[in-house]
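A.B. asks: next comes the sequence, and after it the predicted model I'd like to discuss.
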Amino acid sequence: MDDADVPALRDLLQHLTRIGYAEKPIRERLGLTDITKLRWRALPIYRAEKLEARDPQASAIDLFLLQGAIPRTELDNLFNQAVQEVLVRAGLLLLDDHGLARARASLYPLGNRLIFSDHAWPSLPHPGCADVPPDQIMYIGSDSRWLARATVRRPVRNALDLCTGSGVHALLAAAHAQRVLAVDVNPRAAQCTRFNSQASGTPHVEAAVGDLYAPVGEERFDLITANPPFVPSPRDSLQYRDGGRSGEDVQARIIAGLPHHLAPGGIAQIVTEFGERGDEPLADRLRGWLGGAPMDIHILRMRETPAATYAIGHADGADTYEAFLNSVHDWAANLRKQGYTRIVSVLLAFQWSDPATATPWTRSDNPKSLHSIAGAEITAAFAAERLVRRSNFPELLSHGRLRRTGPIALLEARALGHEVGTQAQAELLGKALPIIYPLDPVERELLVLLEKPLPFSELLTLAQKSDPGLNLDEPVIVKAITSLIRRGLVLLEGS
């Protein structure tokens, strides 16, 4: 982009934000509980039912998000002639001979940020491409949004974003990192990252073309993020998507490189998918790639998809039904060959282990959703695990004070008089990562007793008197409290 056009493009982005082109107002306009619920096959419904009133916000949504063609009259209401000329010169807009305007790239809302990238549904007719190009850049989809919401946002010296694509995670890191390096093997992705850096006014994002860690030498980083190609594909047709027949060609190398490039005290966060075989623990695969490096691992299992459903969802050949069925066969056959019975979408977080704990640990949680910023909850999960694993935890517990972290759904149900069975569940309310935890009777009883903060010694006395039917000796209570602290339902103050 010509430097002379940069101020006009930045003004354009600010104008779009002012007219409601941002994540929350777009979500509300389209009637979505979360923008990750946007369904591309529902485009005609959105246009007919949500964008019927053609105000500037509707025109912008149709043009830049839904890949629509809008009349020049609507374009004139959206942008003046000078701005339109900037968009054409930047390669973002095509004006055809039929009085219609089409966007040559999409503009994705992420919070109050706007990120340019290739279209999310490249098979729709759009200017310049009859087929999906092999160097297509990844759009801002659910996995990108999950990683953006889960990344720990603390001030860091330097950050590395691998498989950067549009540069979205590098740009987000720039808000709290002194230096950001964005790497992609695709030259178009590096170009797109530089374009977004110009448009957003983020000069300290450096884009490099290279294979994963190759451009960084021996440098270590305080934050490493990655949204790698992970799809177990029978053919490598899309560079940004396909991770080889196993899906692990790229992600295994990223994880294997963490011990060499993650700084002490740093954190690496990756969004990806894995094929799972029966009851094989995912943690074993991750530990193998780490090569024995002493790292703690937090796994958030965001979604599970049966292998058959996954094959149908990724099959192509829409020209004929026979071609589609043949593609389903190819995808399903490849998954069977890998031994995969299901595909799981995960958010992974890695940190060097705390020397005060005995051994590196792996924790796996199943959140119901990830609908807002959750970096603080990731940090709290690491802190809780490390606390209960410290050699002096019993001493800290004996001198500490315990309290509920916040309102818990189970306790509200009891207060309303609902019957609670022997096997209860609890959910800490108001969290970005809502997780329902099973409770045994001892854990449930302790949560009831913690109506107000209590020293451990006082809680111990009350618990031993509360229910004669429970074996509430001190080791049993300590075990239950440890479990409640790990799961974030109870805090130990004074630790």
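C.D. replies: Looks like it came in fine. Keep in mind the model is a prediction, meaning the values are calculated, not measured. Numbering: from 1, shown residues only.
A.B. asks: show me the residue at the heart of the protein, geometrically.
C.D. replies: Trp146 (1.8 Å; C-alpha atoms, centre = their mean).
A.B. asks: if I look at Pro434, how far off is Ser106?
C.D. replies: Distance of Pro434 to Ser106, given as C-beta to C-beta, to the nearest Å: 30 Å. Where C-beta positions appear, they are placed from N, C-alpha and C, glycine not excepted.
A.B. asks: ignore what I typed, I meant Pro44.
C.D. replies: If you go by C-beta to C-beta, the gap between Pro44 and Ser106 works out to 18 Å.
A.B. asks: same check on Leu95?
C.D. replies: 18 Å.
A.B. asks: what is the neighbour count of the nearest residue to Ile255 once chain neighbours are set aside?
C.D. replies: Residue nearest to Ile255 in three dimensions, not counting chain neighbours: Trp289, with 4.2 Å by C-beta to C-beta, 6 or more residues apart in numbering. Neighbours of Trp289 under the rule other C-beta atoms under 10 Å: 17.
A.B. asks: same check, this time on Leu13
C.D. replies: Look at Leu13: counted by other C-beta under 10 Å, it has 17 neighbours.
A.B. asks: so it, which state does it fall into?
C.D. replies: Assigned with DSSP: H, G, I helix; E, B strand; the rest coil, Leu13 falls in the helix class.
A.B. asks: show me the contacts for it.
C.D. replies: Leu114, Ala199, Ser200 (C-beta atoms under 8 Å, 6 or more residues apart in numbering).
A.B. asks: buried members of those residues into PyMOL, please.
C.D. replies: For the buried members of the contacts of Leu13, the matching PyMOL selection, counting by 16 or more other C-beta atoms under 10 Å, is:
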select buried, resi 114+199+200
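A.B. asks: where do the strands of the stretch 151-300 of the chain begin and end?
C.D. replies: Under the criterion DSSP state E, counting those that start in this stretch, the stretch 151-300 of the chain contains strands at 156-162, 177-184, 205-209, 221-226, 262-276, 295-306.
A.B. asks: tell me the buried residues in the helix or strand that the last one is followed by?
C.D. replies: It refers to strand 295-306. Counting by DSSP states H and E, the element after strand 295-306 in chain order, helix or strand, is helix 307-314. By neighbour count on 16+ other C-beta under 10 Å, the buried set for helix 307-314 is Ala307, Tyr310, Ala311, Ile312, His314.
A.B. asks: pLDDT check: weakest of the residues you listed?
C.D. replies: Minimum pLDDT across the buried residues of helix 307-314 is recorded for His314, with 88.
A.B. asks: where does this protein dip in pLDDT?
C.D. replies: 122-131, 317-318, 411-423, 468-469, 495 (pLDDT under 70).
A.B. asks: now do the longest helix seen in it: everything it contacts.
C.D. replies: When the chain is parsed with DSSP state H, its longest helix is helix 321-338. With contact meaning C-beta under 8 Å, 6+ apart, helix 321-338 is reached by 232-235, 245-247, 275, 277, 307-308, 310-312, 314-318, 343.
A.B. asks: ok and that helix relative to strand 295-306, angle-wise?
C.D. replies: Angle between the axes of helix 321-338 and strand 295-306 is 140 degrees (criterion: axes from the mean of the first three to the mean of the last three C-alpha atoms, to 10 degrees).
A.B. asks: what packs against the helix or strand following helix 321-338?
C.D. replies: Note on helix 321-338: by DSSP H and E, the next helix or strand toward the C-terminus is strand 342-352. Identification of packing neighbours for strand 342-352 by 3 or more C-beta pairs under 8 Å, 6 or more residues apart in numbering; DSSP states H and E yields helix 142-150, helix 251-261, strand 262-276, helix 282-290, strand 295-306, helix 307-314, helix 375-388.
A.B. asks: could you list the buried residues of the second one?
C.D. replies: Along helix 251-261, these residues count as buried under the neighbour rule (16+ other C-beta under 10 Å): Gln251, Ala252, Ile254, Ile255, Ala256, Gly257, Leu258, Pro259, His261.
A.B. asks: so what's the gap between stretch 111-119 and the chain middle?
C.D. replies: 15 Å (C-alpha atoms, centre = their mean, to the nearest Å).
A.B. asks: buried stuff in it?
C.D. replies: Arg113, Leu114, Ile115, Phe116, Ser117, Asp118, His119.
A.B. asks: can you spell out the domain ranges of this structure, please?
C.D. replies: For the chain, the structural domains run 3-104, 142-352, 393-493, going by automatic domain parsing.
A.B. asks: where's Leu181 relative to Thr225, distance?
C.D. replies: Distance from Leu181 to Thr225, by C-beta to C-beta: 11 Å.
A.B. asks: just Asp440 next, same as before
C.D. replies: Taking C-beta to C-beta, one finds Asp440 at 37 Å from Thr225.
A.B. asks: swap in Asn196?
C.D. replies: Counting by C-beta to C-beta, the gap from Asn196 to Thr225 is 15 Å.
A.B. asks: so who does Cys163 touch?
C.D. replies: Val183, Asp184, Val185, Leu212, Ala226, Asn227, Pro228, Pro229, Tyr240, Val250, Ile254.
A.B. asks: the first one: how many residues sit nearby?
C.D. replies: Using other C-beta under 10 Å as the criterion, Val183 is surrounded by 25 other residues.
A.B. asks: looking at Asp440 and Thr225, which is more packed in?
C.D. replies: Set Asp440 next to Thr225 and count neighbours by other C-beta under 10 Å: Thr225 wins out with 28 against 15.
A.B. asks: for Asp143, see how far away that one is.
C.D. replies: Taking C-beta to C-beta, one finds Thr225 at 12 Å from Asp143.
A.B. asks: try Gly278
C.D. replies: Gly278 sits 25 Å away from Asp143, taking C-beta to C-beta as the criterion.
A.B. asks: same check on Glu74?
C.D. replies: For Glu74, the distance to Asp143 - C-beta to C-beta - is 32 Å.
A.B. asks: spit out the contact partners of Asp11.
C.D. replies: Here Asp11 is in contact with Val83 (criterion: C-beta under 8 Å, 6+ apart).
A.B. asks: start at 731 instead
C.D. replies: Fine by me, first position is 731 from now on; the one you just mentioned is Asp741.
A.B. asks: Phe809 versus that one, what's the distance?
C.D. replies: 10 Å.
A.B. asks: tell me the secondary structure of Ala790, please.
C.D. replies: helix.
A.B. asks: show me what contacts it?
C.D. replies: Leu746, Ile749, Tyr751, Leu808.
A.B. asks: and which of these is nearest Leu1190?
C.D. replies: Using C-beta to C-beta, Tyr751 is the member of the contacts of Ala790 that lies nearest Leu1190, at 56.7 Å.
A.B. asks: sorry, back to before: list residues touching both of Leu911 and Thr955?
C.D. replies: Shared contacts of Leu911 and Thr955, counting by C-beta under 8 Å, 6+ apart, come down to Ala889, Leu890, Asp891, Ala900.
A.B. asks: quick check: of those residues, which lies closest to Ala1114?
C.D. replies: Ala889 (25.0 Å).
A.B. asks: pretty sure Ile985 contacts Arg1017?
C.D. replies: No: counting by C-beta atoms under 8 Å, Ile985 does not reach Arg1017; the two are 9.6 Å apart.
A.B. asks: tell me, what's touching the two both at once?
C.D. replies: With C-beta under 8 Å, 6+ apart as the test, Ile985 and Arg1017 reach no residue in common.
A.B. asks: what's the closest of the contacts of Cys893 to Ala734?
C.D. replies: Asp914 (27.2 Å).
A.B. asks: chain neighbours aside, what residue packs nearest to the closest one?
C.D. replies: Thr894 (4.7 Å).
A.B. asks: same question, Ala938
C.D. replies: Pro945 (4.1 Å).
A.B. asks: now do the contacts for the one you found.
C.D. replies: Leu911, Val913, Ala938, Val939.
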